[in-house]
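Asker: A predicted structure for the sequence below; I have some questions about it.
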Amino acid sequence: MIQLYHVSKHYGGRLALSDINLHIEKGDFVLLMGASGAGKTTLLKLLFGTERPDEGQILVQTRNVARLTSSEVPYLRRTMGFVFQDFRLLPKKNVFDNVAMPLLVQGASHHEIRRKALEALKSVGVEHRKESRPAMLSAGEQQRVCIARAIVNGPMVLLADEPTGNMDPQLAGEIIDLFKLINARGTTVVIATHNRQVVDQVKRRVVTLSQGKVISDEGAGR
Amino acid sequence: MKRTSYLVKEALANIRLNQTTTIVAVATTAFTMACFGVFLLLYLNLRGLTTSLQDDIKVVVYVTDGVSAQALADLMTRIKGDREVAGLVYVSKEQALAEFREQFPSESYLLQGLGENPLPASLLVTMAHPSRSSEAVRRWSERLKAMPGVAQVQYNREWIESVGGIVRYIEWVAIAVGTILAAASVTIIGSTTRLTLYARRQEIEIMRLIGATGTFIRIPYLIEGAILGALGGALSLSLLKLGFEFLKLRLGTQSHLLGGGVAFTFFSGQVSLLIVLTGFLLGSLGSFVSLLAFERVRA
């Protein structure tokens, strides 16, 4: 599903990732752990095509992300979902329109957009807030909307960057339960986190990064 | 929500979002286009006038006295057969005398003492449109002078040259002024789009992250620019029409330019549509240029 071969990335003179080799199978649930600046976010950005590796190859499903042209990147992103720590919801659109947007940009029919968006909102438990603007929602609700938007396309891969950042343990637990549910339906999930609670709750594969290198890879096949 | 309706709604939302800049952009575009419009109106009216004046340009071919009827008929056939000639009228000696008496009744006594009619017969030649340049008329006249039965060829060469010069001069100034003002309109609408892009840069980034293509993101901004440009064009037309009607009232409804018999006319429906379309295109171009610059900054 996801394969990285000798991937390195620099920002200016600073090394963000160094010679990363990683294989993630279909249906895996992988937690990327590490302190701030370890390279977790950079790794997710490379998988999502928002950054390009300086060296190495990245295969996501059948695409070589390292070689995609900028006009091909949107089509890669349509096969993946991304959950951001700061939600990145469109402030002037209501919850329904935010979740419907990935379907709209792909040219889905009106009927399909309505059906899938409501289904996604229902699956994360915020269907009742579909008419609200993001600013009127709590942090937990906003993150649920963000997750709904990420899964509305039925992506093969779901990436999340610190999805429980700034959340209390109970809320974080609820959000992680959602990811577990999504993974149980067959979606490959990769979450970057430094939250130990997430590791304890998920009990799946943990890849630990430090100073841009993989220093441990535990629990593969769990 | 369909894609097309979404794209149009987004463009309208952008316009609503930046009401002040929208009003400024439409007003300045209208003013800029109206400046050009004044010039265009003047140009079209002057061109109409010069065309009608050029239509009046006639070459007078004086016929040798005593030429036989057969020779005159041959000459007329030759002239009529020329591609350069649009029309030919024969003015006999008697007609010339009658016209002279009609035009100058108080001076007609001058001819009485002469006994014989001194005025020559002539052929009044109207040149065909492509042959009205002074050079074409000169060449044609030179050729004609060599023909039997032709005593003299007269035409107002200076008038033809000055008319041609004025039209050419106005055309060049129109192109120069039009180019400068078009660039100004593009810049104004481009700046408006740039402000919108700046205000919505985070939303644009989110759209990219959820898989929107560059084209999908660009289209609302292009539509916005096109709408602003078309509105500017339409407003400039309204301003021009108001100004035109005001001027007409001041000069009188039957105003005539230089006494040349050409009434002031406003833009035809087609030209009006063309002005709005020009605004539409300039607006789109302004947005397009801003989008290119925006993407270059992002890259």
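Answerer: Happy to help now that I have it.

Asker: give the bridge partners for the spatially most central residue of chain A, please.
Answerer: By C-alpha atoms, centre = their mean, chain A has its centre lying nearest to residue A:159, at 1.7 Å. Note on residue A:159: beta-bridge partners by DSSP bridges are residue A:82, residue A:190.

Asker: surely it touches residue A:187?
Answerer: No: using C-beta atoms under 8 Å as the test, residue A:159 is too far from residue A:187 to be in contact (10.6 Å). Yep, even glycine has a C-beta here, placed from its N, CA and C like the rest.

Asker: shared neighbours, those two?
Answerer: Common contact partners of residue A:159 and residue A:187 (C-beta atoms under 8 Å, 6 or more residues apart in numbering or on different chains): residue A:81.

Asker: and stretch A:130-140, what's buried?
Answerer: Using 16 or more other C-beta atoms under 10 Å in any protein chain shown as the test for burial, stretch A:130-140 gives A:130, A:133-134, A:137, A:140.

Asker: state the distance from residue B:41 to residue B:147.
Answerer: Using C-beta to C-beta, to the nearest Å, we find residue B:41 at a distance of 45 Å from residue B:147.

Asker: so for those two, which sits in the more crowded spot?
Answerer: residue B:41 (21 against 14; other C-beta atoms under 10 Å in any protein chain shown).

Asker: just after the helix or strand hosting the more buried one, pick out the following helix or strand.
Answerer: Using DSSP states H and E, residue B:41 maps to helix B:19-55. Later in the chain than helix B:19-55, the nearest helix or strand by DSSP H and E is strand B:58-63.

Asker: partner strands of that next one, parallel or antiparallel?
Answerer: Sheet partners by DSSP bridges: for strand B:58-63, these are strand B:122-127 (antiparallel), strand B:150-154 (antiparallel).

Asker: what packs against the helix or strand just after that strand?
Answerer: Using DSSP H and E, the helix or strand that directly follows strand B:58-63 along the chain is helix B:69-81. Helix B:69-81 sits against strand B:58-63, strand B:85-91, strand B:122-127, with contacts defined as 3 or more C-beta pairs under 8 Å, 6 or more residues apart in numbering or on different chains; DSSP states H and E.

Asker: make CSV out of the ones you listed and add mean neighbour count, distance to residue B:243 and mean pLDDT.
Answerer: Formatted as CSV, those follow (neighbours: other C-beta atoms under 10 Å in any protein chain shown; distance: least, C-beta to C-beta, whole Å; pLDDT from 0 to 100):
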stretch, mean neighbour count, distance to residue B:243, mean pLDDT
strand B:58-63, 20, 37, 86
strand B:85-91, 15, 37, 87
strand B:122-127, 20, 37, 86
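
Asker: is it possible to get a markdown table of those that adds distance to residue A:96?
Answerer: Converted to a markdown table, those look like this (distance: least, C-beta to C-beta, whole Å):
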| stretch | distance to residue A:96 |
| --- | --- |
| strand B:58-63 | 77 |
| strand B:85-91 | 72 |
| strand B:122-127 | 73 |
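
Asker: so which elements touch the worst-scoring helix or strand of chain A on mean pLDDT?
Answerer: Here the helix or strand of chain A ranked lowest by mean pLDDT, DSSP states H and E is helix A:196-202, holding a mean of 87. Helices and strands touching helix A:196-202, by 3+ C-beta pairs under 8 Å, 6+ apart, are strand A:29-33, helix A:169-184.

Asker: most tightly surrounded among the ones you listed?
Answerer: Among these, strand A:29-33 has the highest mean neighbour count (mean count of other C-beta atoms under 10 Å in any protein chain shown), at a mean of 24.

Asker: what's the model's confidence in that strand, averaged?
Answerer: For strand A:29-33, mean pLDDT is 95.

Asker: just the element for residue A:206, please.
Answerer: Using DSSP H and E, residue A:206 sits in strand A:205-210.

Asker: buried residues in the helix or strand following that strand, which are they?
Answerer: Beyond strand A:205-210 in the direction of the C-terminus, DSSP H and E gives the next helix or strand as strand A:213-218. Neighbour counts over strand A:213-218 (16+ other C-beta under 10 Å) mark residue A:214 as buried.

Asker: what strands line up against strand A:213-218, and which way round?
Answerer: Under the criterion DSSP bridges, strand A:213-218 sits next to strand A:205-210 (antiparallel) in its sheet.

Asker: okay, buried residues for the strand it pairs with please.
Answerer: Within strand A:205-210, the residues that count as buried by 16+ other C-beta under 10 Å are A:205-209.

Asker: number of nearby residues for residue B:5?
Answerer: 10.

Asker: enumerate the residues of chain A near chain B.
Answerer: Applying C-beta under 8 Å from any C-beta of the partner chain, we find that chain A lies next to chain B at A:48, A:50, A:70-71, A:74-75, A:77-78, A:82, A:84, A:88-92, A:97, A:100-102, A:104-107, A:110, A:113, A:149, A:153.

Asker: please pick the buried ones from these.
Answerer: When neighbours are counted using 16+ other C-beta under 10 Å, those contain these buried positions: A:48, A:50, A:74, A:77-78, A:82, A:84, A:88-90, A:97, A:100-102, A:104-106, A:113, A:149, A:153.

Asker: can you list which of those residues are found in strands?
Answerer: residue A:82 (DSSP state E).

Asker: any figure for the gap between the residue nearest to the centre of chain A and residue B:26?
Answerer: Distance from residue A:159 to residue B:26, by C-beta to C-beta: 44 Å.

Asker: residue contacts, residue B:59?
Answerer: Neighbouring residues of residue B:59 by C-beta under 8 Å, 6+ apart: B:124-125, B:127, B:137, B:140-141, B:153-155.

Asker: and if you look at residue B:280?
Answerer: B:226, B:229-230, B:233.

Asker: just to be sure, it is in a helix?
Answerer: Yes: the assignment for residue B:280 is a helix, going by DSSP: H, G, I helix; E, B strand; the rest coil.

Asker: element containing the closest residue to it other than its chain neighbours, please.
Answerer: Once flanking residues are discounted, residue B:280 sits nearest to residue B:230: 4.2 Å by C-beta to C-beta, 6 or more residues apart in numbering or on different chains. Assigned by DSSP H and E, residue B:230 belongs to helix B:214-251.

Asker: now for the closest residue in space to residue A:70 that isn't next to it in sequence, how many residues are close by?
Answerer: Excluding its sequence neighbours, the residue lying closest to residue A:70 (C-beta to C-beta, 6+ apart) is residue B:214, at 7.7 Å. The number of residues packed near residue B:214 is 15, by other C-beta under 10 Å.
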